[in-house]
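In: Need the 3D shape of this:
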Amino acid sequence: MRSRLAARARAWLVRWRPVLPLLIAEFIIVVGFGALLPVLPLYVVDQGVDPATLGIILAAWPAARLVFEPFFGWLADRTSRRPLMVAGLVILAVASLLPLAFHGPLELLLLRFLSGAAASMYDPAARGILVDATEEGERGEAFGLYTSAQMGGLIFGPVVGAFGAALGGGFAFPFLAAGVATAIAAVYLAVAALPSTAGRREHPPLTETSFAEYGTDSADLAQRYVESQRRDRRPQAPLRELWNRAVVGALTMNFALYLAVGVYEVVWSLYMRHLGAPLAWIGITYVLFALPVVLFSPFAGRLVDRLGGLRFAFGGGLVVGTALLVYALASEPYLPGAVILVEATANAFLGPAMFAILAQGTPAGRSSTTQGIFGAAGTIAFIAASLVTGVLFAIDARYPFAFFGGIVLAFFIIGSLIARSPARGHTVRQGGRLKAYRPLPVARRRAALGTAIEAYERGDSFLAHELLEPAWMGTADEAERDLYQGLIKLAAAEVHAVRGNATGVAKNLRGALAHLARADSGGFDGGLDLPALHRSIEDRLAALQAGDGAAGRPLQASTLPRHGGRHDR
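Out: Residues are numbered from 1 along each chain as shown. Here you go, the predicted model:
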């Protein structure tokens, strides 16, 4: 049993190691953010600020994100992402500490604006890396893990902040916790091994001493690797391609979600205190929200990848809107705890579902830009909710929940209708899962296949991989898709071989075998002798398993076996 669990843990680490630094950093950041979250509204009100002004101060954070997040998302697609992320976290750490020294209403407003601008430097770049480092069929699970890391931080953060303040640290403790946690995350990301962190990157000049960096002692092969990285970067699609139904539907639903978030961030702690809750219970309510999200988000992400995101986004949105209406009926502080658990479980599915829909419509080379716009949609909603919530709360503590509950429901319904059957980013079922489908004419798919095979055979496996991606997404024929994906996996194995990653070689060769077998049984081979190719891959895998180091090194040249072919349906 132990060995089986250990094997599963090792497999999980191998699969998710490229994005693990992002998950760790997000957890650390949200521990600090969560420590401050339940205390901040109480701290601001205790400085003599009325609820309406509190809403304006808290709206400064999303206002800054609205201004800066699309710009920094665009910048992250065109430059190195790591410096942008680290700089944002350093500024955020400093801005989290300064309210202890500057606590007038105007000063608090300006510091919240600075914090929002700093977060805008970090978030689109981090989410862009997450999109680029994962494949289309695993992004729901990837964002489920990302959400789980966030909510894991939210479990510990509010408890740390609320109890630290209650046990003698006062209001200073949560601010210190937020600043220190953010600084730790900045240092960690500065030294952590991240996946490709640049939208446009140039390699340094190649020298004989640098061949090992590319996993080979062949100067010729290493030079081809560098040249292909420079020449064959995925081109950026025009910005107008962002206007598609998957993206617009996801933006609309994110707008709805952040209307609810705006209500909670401004008045949840005040509302709980209005109902008679002690500070410790206020902190516990945040933990109650985070716990189901941590537990269920990875599973929810896998389910989203298998069944598609729309149904989970729609269902989760209905629960969120209904929960707001139920909170408005509360007469004591403990019943909302049960509602929180239901709402949080819905959020565990809602987050991965929205991100999967968004990733489905994201144009090539625009992942961080899309994430920036996605964040801006939520930011607009947060600002609107923050400003209105403070005014409504001053009239009656229940009004914000009742007012926004109906609006949230309406926007989730509208967003789901928009995202349904998107024009350029709809899906087809492949291998029991919903996959992206962006139709491409037959002639262009055949041309891409021929050019990709030529590139692979001359050693340009990177180019082959990029050429086959649009061909794979461009057909609804399952066998044809499997052929392209099998060849993509074969090319990816060579990429890992060049980098000296024998585990990656074996994983992708096994994936290639599975896809090519389905293509062969489905009657589509693209002119290749798939049984012969299958045998050669099996022989290489057997050599790898026997410890033959040569099998894990890149092929100098490889001719794919051919015959007349069954590639015209």
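
In: Residue 59 touches residue 386, doesn't it?
Out: Yes: Residue 59 lies in contact with residue 386 (CB atoms under 8 Å); the separation is 3.7 Å. Backbone N, C-alpha and C define where each C-beta goes, glycine included.

In: what residues are shared contacts of these two?
Out: Counting by CB atoms under 8 Å, 6 or more residues apart in numbering, the residues touching both residue 59 and residue 386 are residue 262.

In: quick one: residue 502 and residue 171, what's the gap?
Out: Distance, residue 502 to residue 171, by CB to CB, to the nearest Å: 54 Å.

In: now do residue 479
Out: Between residue 479 and residue 171 the distance, using CB to CB, works out to 64 Å.

In: Tell me how the protein divides into domains.
Out: 16-194+242-427, 439-552 (automatic domain parsing).

In: Mind checking those domains for the one nearest to residue 561?
Out: Residue 561 sits nearest to domain 439-552 of all the domains of the chain, at 3.8 Å, using CB to CB.

In: Need the distance between the two termini of the closest one.
Out: Across domain 439-552, the terminal residues are separated by 36 Å (CA to CA, to the nearest Å).

In: Report the rounded mean pLDDT for that domain.
Out: The average pLDDT within domain 439-552 is 84.

In: Check stretch 402-420 too.
Out: 94.

In: Give me the distance between it and the centre of its chain.
Out: Stretch 402-420 sits 23 Å away from the centroid of its parent chain (CA atoms, centre = their mean, to the nearest Å).

In: just stretch 249-266 next, same as before
Out: The chain centre lies 17 Å from the centre of stretch 249-266; the measure is CA atoms, centre = their mean.

In: Also stretch 106-125?
Out: Distance of stretch 106-125 from the chain centroid (CA atoms, centre = their mean) equals 21 Å.

In: 19 is where my numbering starts, stick with that
Out: Okay, using 19 as the starting number, the last item reads as stretch 124-143.

In: Show me what that stretch is in contact with.
Out: If you take CB under 8 Å, 6+ apart as the criterion, stretch 124-143 is touched by 62, 65, 67, 74-76, 78-83, 85-87, 89-91, 94, 99, 102-103, 105-107, 109-110, 113-114, 116-117, 120, 215, 386-387, 389-390, 393.

In: Ok, stretch 273-280 next?
Out: So stretch 273-280 is contacted by 77, 80, 335, 338-339, 342, 368, 372, 395-404, 407, 422, 425-426, 428-430, 433 (CB under 8 Å, 6+ apart).

In: I'd like to know the average pLDDT value across that stretch.
Out: The average of the pLDDT scores along stretch 273-280 is 93.

In: In PDB, list the C-alpha atoms belonging to it.
Out: Provided in PDB are the C-alpha atoms of stretch 273-280 (Å, rounded to 0.1, in the frame of the first residue of the first chain):
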ATOM      1  CA  PHE A 273     -17.800  39.600 -13.700                       C
ATOM      2  CA  ALA A 274     -20.700  37.900 -11.900                       C
ATOM      3  CA  LEU A 275     -18.400  36.100  -9.500                       C
ATOM      4  CA  TYR A 276     -16.500  39.200  -8.500                       C
ATOM      5  CA  LEU A 277     -19.700  41.100  -7.800                       C
ATOM      6  CA  ALA A 278     -20.100  38.500  -5.000                       C
ATOM      7  CA  VAL A 279     -16.500  38.800  -4.000                       C
ATOM      8  CA  GLY A 280     -16.800  42.600  -3.700                       C
END
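
In: For this structure, which segments are assigned as strands?
Out: Using DSSP state E, the strands of the chain run over 445-448, 451-454.

In: and residue 174, how many neighbours?
Out: Neighbours of residue 174 under the rule other CB atoms under 10 Å: 18.

In: Tell me which residues touch the closest residue to it other than its chain neighbours, please.
Out: Of all residues not flanking residue 174 in the chain, residue 49 sits nearest, at 5.2 Å (CB to CB, 6 or more residues apart in numbering). By CB under 8 Å, 6+ apart, residue 49 lies in contact with 171, 174, 175, 178, 195, 199.

In: ok, the third one - contacts?
Out: Taking CB under 8 Å, 6+ apart as the definition of contact, the neighbours of residue 175 are 48, 49, 50, 51, 52, 53, 54, 55, 195, 304.

In: got a list of what the fourth one touches?
Out: Looking back up the chat, that one is residue 51. Residue 51 is in contact with 171, 172, 175, 196, 199, 200, counting by CB under 8 Å, 6+ apart.

In: Need the max-distance pair from the residues you listed.
Out: 172 and 200 (14.8 Å).

In: Looking at these two, which one has more neighbours?
Out: Neighbours were counted for residue 172 and for residue 200 using other CB under 10 Å; residue 200 has more, 30 against 25.
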